[in-house]
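[1] coordinates for the following, if possible.
(2 chains)
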There are 2 protein chains.
Amino acid sequence: MTSDAVNSESFHTVRWVGDSLTGVLRLIDQTRLPTEYVEIDCRDVPTVWEAIRSLRVRGAPAIGVAAAYGAVLGARAEGASEPAAVVRALKSATASLRTSRPTAVNLFWALDRMEASLGQSDHRDAAAVLDSLLAEARRIDQEDRAMCRAIGRHGAPLVGQGQGVLTHCNAGGLATADYGTALAVIFAAHEQGTELRVFADETRPLLQGARLTAWELKRRGIPVTLICDSMAAQVMREGKIQLVVVGADRIASNGDTANKIGTYGVALLAKAHGIPFYVAAPSSTFDHSIPHGADIPIEQRDPREITHGFGRQTAPEGVEVYNPAFDVTPAELIAGIITEKGVIRPVNRDTIAETLGREAMT
Amino acid sequence: MTSDAVNSESFHTVRWVGDSLTGVLRLIDQTRLPTEYVEIDCRDVPTVWEAIRSLRVRGAPAIGVAAAYGAVLGARAEGASEPAAVVRALKSATASLRTSRPTAVNLFWALDRMEASLGQSDHRDAAAVLDSLLAEARRIDQEDRAMCRAIGRHGAPLVGQGQGVLTHCNAGGLATADYGTALAVIFAAHEQGTELRVFADETRPLLQGARLTAWELKRRGIPVTLICDSMAAQVMREGKIQLVVVGADRIASNGDTANKIGTYGVALLAKAHGIPFYVAAPSSTFDHSIPHGADIPIEQRDPREITHGFGRQTAPEGVEVYNPAFDVTPAELIAGIITEKGVIRPVNRDTIAETLGREAMT
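    The predicted structure is shown next:
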């Protein structure tokens, strides 16, 4: 599909096309943006696994939705004609998909839901099991869309008229089913008539800010200025930023937040300049089994993302590289967490439990 | 020249080859590193201007030395046979070279010295004037080499055994005639047997850290880990950094320091983690005509450095970009300034005057 075909605002980051027996998972290949808009059809688990691993689909909520549909693809893989075989195939698929990326908790949350949904279906025949799995995946997808809009509704009032908003990485429509988390706040404020300008960190090494966030904001006609990550402090110092809002890949039960590498630094810079720093994320991003950020596993990625990032070698052969994909921002640096259930503010174990509901904690 | 030819540690960032009448300014083309080691010969002012503008030669002290030799090339441009014509040609050359880059004060300092040196020569004939100009340029070059070693001597004791040292951009041999300022501190500590590891910020947009600092350190066998700029905070948080040392492009008389964009952010992050942040720079980098950092002119560079950084488009067509080449770190964030005359610590107008000598202030 050419970029002419996507001139309208809306796009489908992740969607299921067809029925449970022959349908496909269709993804925007985000590694090709912004210069090419290409969709790929996934028909089996290895293709979904590779798409998640290679960041063709990325962003914690979008990974969750893609994995749910991927589980459906896996469940039908053996062409099973009896329910027990479908269940076995599903378990094999979810086990595989769990290994695709370690940090985004929505991946595990979505796969847990897919498995749990089996318990609720009466396993009359294989087709019925597949139908019920696809229905669960579609629910996860739909809930994601509703969740994003609720986050936008709760977050929009935080953006003042004429303000500058800094964001890091991409927590937009491309990171979710379609509307985003951090960018949902910006989209909703913009739709309500709030004039604003976004400063987008390009977000090395993989440039999600330059490639994806700038692309989404431009499509929606929202003023955006692209900067290198190293420029955020200077832009803050010049008084151009009144609010920082970012997404999250996993949030510990005390509010410590794992997000794209560089987020922790932005939070420190915001604090130094007296700028409120917000996280926007659905309740599914909270991992209540993890008490502190220090316990969140941090994915280490290929050194070549840094040394050969732009299609050209930019560092000496064989140089040692450190390439953590995420960092953890401690709760005390976070002014609030914008969820679909409301804004958690201040951020601590009690306010999190209050907003998300005590039952979610167990 | 192939990279095999430069396996030894030493290289000449900037040098004059030949006599005053037919010699050339030979530069390492730093835009080709680290994958290619290429030297270019400059025979006229436009070539030198372009080399400075395009960062083939960069780093405040190296720019100063290159500009001084460039002034010699300009002075002989008209093939002048009488002294007055040589002087006119020199003035035209320095006027042009002053427009190549706005922030590095060493550029202006070196060109001022070249002009002032004319007053000391007896203008018997054109060849004698050219000889005296070349002699002055060679003095600037030699003084730079001596200055770098003195900075290394003064700074080396700041590096403790087994420490991690973070640096931003390249303030190494490639930024000076041959030994560096910030890296001189590291080289000298290493030569004295101090075990250390350098963490090099890659330094977007132009990746001087990845391309140049990592290259220099590897050549000298000093352990170096390359990181993206956005990873510095995390590396500090992990306890891997005990010292930050960077170069400078211009220092106001109160100690506020202009250096590569991103430096100010690193200084804030260092403060947040209780890590001392040092600047290493020769006295020629101080601009005593400028009382505060806010008065230092900051060069804005081509948006394409961000959107098309390494031969590939990484942002949507026509996106707005902010690309300041430098930022200013306020004196209060700087633990000390390591000069060839000693370490200025704490950093303020008085301690600067004490170390550099009151006469330098006038």
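[2] please count neighbours and contacts with C-alpha atoms only from this point.
    OK.
[3] how about the residues of the stretch 151-300 of chain A near chain B?
    Within the stretch 151-300 of chain A, the positions lying close to chain B (Cα under 8 Å from any Cα of the partner chain) are A:203-205, A:207, A:210-212, A:214-215, A:218, A:224-234, A:261-265, A:268-269, A:272.
[4] at 6 Å what do you get?
    A:210-211, A:215, A:225-227, A:230-231, A:233, A:262, A:265 (Cα under 6 Å from any Cα of the partner chain).
[5] check the gap between the residue most central in space within chain A and chain B for me.
    Centroid-nearest residue in chain A: A:Gly59, 2.3 Å away (criterion: Cα atoms, centre = their mean). Distance of A:Gly59 to chain B, computed by Cα to the nearest Cα, to the nearest Å: 18 Å.
[6] what about that residue, distance to A:Trp16?
    Distance, A:Gly59 to A:Trp16, using Cα to Cα, to the nearest Å: 18 Å.
[7] what of A:Thr181?
    Counting by Cα to Cα - A:Thr181 and A:Trp16 are separated by 21 Å.
[8] do A:His190 as well
    In terms of Cα to Cα, A:His190 sits 29 Å off from A:Trp16.
[9] of the two, which one has the most company?
    Using other Cα atoms under 10 Å in any protein chain shown as the criterion, A:His190 and A:Trp16 rank with A:Trp16 on top: 22 against 19.
[10] next, the buried residues of the helix or strand of chain A with the lowest mean pLDDT.
    Taking mean pLDDT, DSSP states H and E as the measure, chain A has helix A:105-120 as its least confident helix or strand, at a mean of 92. Across helix A:105-120, burial judged by 16 or more other Cα atoms under 10 Å in any protein chain shown covers A:105-111, A:114-115, A:117-118.
[11] strands along the stretch 201-350 of chain A, start to end?
    In the stretch 201-350 of chain A, the strands defined using DSSP state E, counting those that start in this stretch lie at A:224-227, A:243-246, A:250-252, A:257-260, A:277-280, A:286-287, A:320-321, A:326-329, A:336-339, A:342-344.
[12] as CSV, these with distance to B:Gly318 and mean pLDDT would be great.
    Formatted as CSV, those follow (distance: least, Cα to Cα, whole Å; pLDDT from 0 to 100):
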stretch, distance to B:Gly318, mean pLDDT
strand A:224-227, 11, 98
strand A:243-246, 24, 98
strand A:250-252, 34, 96
strand A:257-260, 26, 97
strand A:277-280, 28, 98
strand A:286-287, 37, 96
strand A:320-321, 33, 98
strand A:326-329, 30, 98
strand A:336-339, 32, 98
strand A:342-344, 35, 98
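[13] quick check: closest non-adjacent residue to A:Thr285.
    A:Arg250 (5.1 Å; Cα to Cα, 6 or more residues apart in numbering or on different chains).
[14] ok, A:Ala66 next?
    A:Val14 (6.3 Å).
[15] doesn't A:Asp29 make contact with that neighbour?
    No: with contact defined as Cα atoms under 6 Å, A:Val14 does not reach A:Asp29; the gap is 9.9 Å.
[16] which one of those two has more residues nearby?
    A:Val14 (26 against 21).
[17] pLDDT at A:Asn7, what is it?
    In this model, A:Asn7 is scored at 41, pLDDT.
[18] counting neighbours, what do you get for A:Asp141?
    26.
[19] where does pLDDT dip in chain A?
    The model of chain A has pLDDT under 70 over residues A:1-9, A:80, A:120-123, A:358-362.
[20] at 80 what do you get?
    A:1-10, A:79-81, A:120-124, A:310-311, A:358-362 (pLDDT under 80).
[21] in it, which spans are helices?
    Ranges of helices in chain A, per DSSP state H, are A:45-53, A:60-75, A:83-97, A:105-120, A:126-155, A:182-191, A:208, A:214-219, A:232-237, A:263-272, A:304-307, A:349-356.
[22] tell me the angle of the third one relative to helix A:105-120?
    With axes from the mean of the first three to the mean of the last three Cα atoms, to 10 degrees applied, the angle from helix A:83-97 to helix A:105-120 works out at 170 degrees.
[23] check which residues of helix A:83-97 are buried.
    Those would be A:83, A:85-87, A:89-91, A:93-94, A:97, for helix A:83-97 by 16+ other Cα under 10 Å.
[24] ok, A:Val245 to A:Leu183 distance?
    8 Å.
[25] how about A:Ile222?
    Taken as Cα to Cα, the span from A:Ile222 to A:Leu183 is 11 Å.
[26] so between the two, which is more surrounded?
    For A:Ile222 versus A:Leu183, the count of surrounding residues by other Cα under 10 Å is larger for A:Leu183: 29 against 18.
[27] for A:Ala175, see how far away that one is.
    10 Å.
[28] go on, A:Asp229?
    In terms of Cα to Cα, A:Asp229 sits 20 Å off from A:Ala175.
[29] got it, and A:Gly318?
    A:Gly318 is 33 Å from A:Ala175, by Cα to Cα.
[30] between those two, which one's more packed in?
    Per other Cα under 10 Å, whichever of A:Gly318 and A:Ala175 has more neighbours is A:Ala175, with 27 against 9.
[31] just give the nearest non-adjacent residue to the more buried one, would you?
    That would be A:Gly59: by Cα to Cα, 6+ apart, it lies 3.9 Å from A:Ala175.
[32] phi and psi next, for that neighbour.
    The phi/psi pair for A:Gly59 (degrees, to the nearest 10) reads phi 100, psi 130.
[33] these two touch, right, it and A:Leu174?
    No: here A:Gly59 lies out of contact with A:Leu174, judged by Cα under 6 Å, at a distance of 7.3 Å.
[34] indicate the residue of the stretch 251-362 of chain A located nearest to chain B.
    Closest to chain B within the stretch 251-362 of chain A is A:Gly262: 4.2 Å, counting by Cα to the nearest Cα.
[35] what number of residues are in the vicinity of that residue?
    28.
[36] repeat that for A:Ala184.
    26.
[37] can you check the one 4 residues further on too?
    The burial count assigned to A:Ala188 is 22, neighbours taken as other Cα under 10 Å.
[38] would you confirm that it contacts A:Ala150?
    No: contact criterion Cα under 6 Å: A:Ala188 and A:Ala150 do not qualify, at 9.6 Å.
[39] next, the distance between the ends of stretch A:36-56.
    13 Å.
[40] quick one: distance of that stretch to the chain centre.
    Relative to its chain's centre, stretch A:36-56 lies at 15 Å (Cα atoms, centre = their mean, to the nearest Å).
[41] next, the residues that contact that stretch from outside, please.
    Contact with stretch A:36-56 is made by A:1-3, A:24-31, A:57, A:70, A:73-74, A:97, A:100, as judged by Cα atoms under 6 Å, 6 or more residues apart in numbering or on different chains.
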